[in-house]
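1. Predicted structure and sequence below. I'll ask about it afterward.
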Amino acid sequence: GEEVAQTPKHLVRGEGQKAKLYCAPIKGHSYVFWYQQVLKNEFKFLISFQNENVFDETGMPKERFSAKCLPNSPCSLEIQATKLEDSAVYFCASSQWSRRASSYNEQFFGPGTRLTVL
Amino acid sequence: GESVGLHLPTLSVQEGDNSIINCAYSNSASDYFIWYKQESGKGPQFIIDIRSNMDKRQGQRVTVLLNKTVKHLSLQIAATQPGDSAVYFCAEKKGYSTLTFGKGTMLLVSP
């Protein structure tokens, strides 16, 4: 599609339950990024993919968070055993390779998934 | 100014005024900078970008200025409108590295 799509829009989980979020990047974009935004503050980078390969996972809390981008499927971010502090809006963004810049450039963001952990 | 906890730096302007939003970035090696606008309940929306080999770039009603000497980025919005009310974020990166976002600034435009 021409926009980044994220589902669901809202997700409510009890503490300890699993949460799974989905992202469909813009068609033709080879990079996908996941961010966490708490209380409209800064964006905390979690993980990025180049096609189905992990590109950068330096922001990913390894114990409970995992993510995948498989061919012909939406990308996913999964949180096992959610905690109260996981409550946030999770944004997915996608970007395409710029030959001129020899890098990816502008990231296009989806509308986010609001996760509330009770 | 610095944001603490839930409090974002806020700029309040009258409709029709020019607005200037500032950002201090952290990495002197960053070669690419972006300004995003985030309206309530939505994802960030691209406004304008600039590479480190430039010091000024203009778009429609917006201008980005880059001062690499003091690691400062600014976004100027001409003839600010109520629809410009949002939180504005600057972001930077170097090469393949991940985009690093700064703290947001809330712009409030009153009619």
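-> Received it, and whenever you're ready, just let me know what you need.
2. Residue of chain B nearest chain A, please.
-> residue B:43 (3.5 Å; C-beta to the nearest C-beta). Heads up, the C-betas are built off the backbone N, CA and C, glycines and all.
3. thinking that residue is in contact with residue A:111, fair?
-> Yes - if you go by C-beta atoms under 8 Å, residue B:43 and residue A:111 touch, sitting 5.1 Å apart.
4. who's more crowded, those two?
-> Set residue B:43 next to residue A:111 and count neighbours by other C-beta atoms under 10 Å in any protein chain shown: residue B:43 wins out with 21 against 17.
5. For the residue nearest to that one when sequence neighbours are not counted, grab phi and psi.
-> Residue nearest to residue B:43 in three dimensions, not counting chain neighbours: residue A:109, with 3.5 Å by C-beta to C-beta, 6 or more residues apart in numbering or on different chains. When read as degrees, to the nearest 10, the backbone of residue A:109 gives phi -100, psi 150.
6. got a list of what residue A:109 touches?
-> By C-beta atoms under 8 Å, 6 or more residues apart in numbering or on different chains, the residues touching residue A:109 are A:4, A:91, A:92, A:93, B:36, B:43, B:44, B:45.
7. Could you give me the ChimeraX selection string for whichever of those are buried?
-> Selecting only the buried entries of these in ChimeraX, with 16 or more other C-beta atoms under 10 Å in any protein chain shown as the criterion:
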select /A:4,91,92,93 /B:36,43,44
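8. So which of the contacts of residue A:109 belong to strands?
-> Within these, residues falling in strands by DSSP state E are A:91, A:92, A:93, B:36, B:45.
9. With respect to residue A:49, which of the residues you listed is nearest?
-> Nearest to residue A:49, judged by C-beta to C-beta, of the ones in strands among the contacts of residue A:109 is residue A:92 at 10.2 Å.
10. How is residue B:83 assigned, secondary-structure-wise?
-> helix (DSSP: H, G, I helix; E, B strand; the rest coil).
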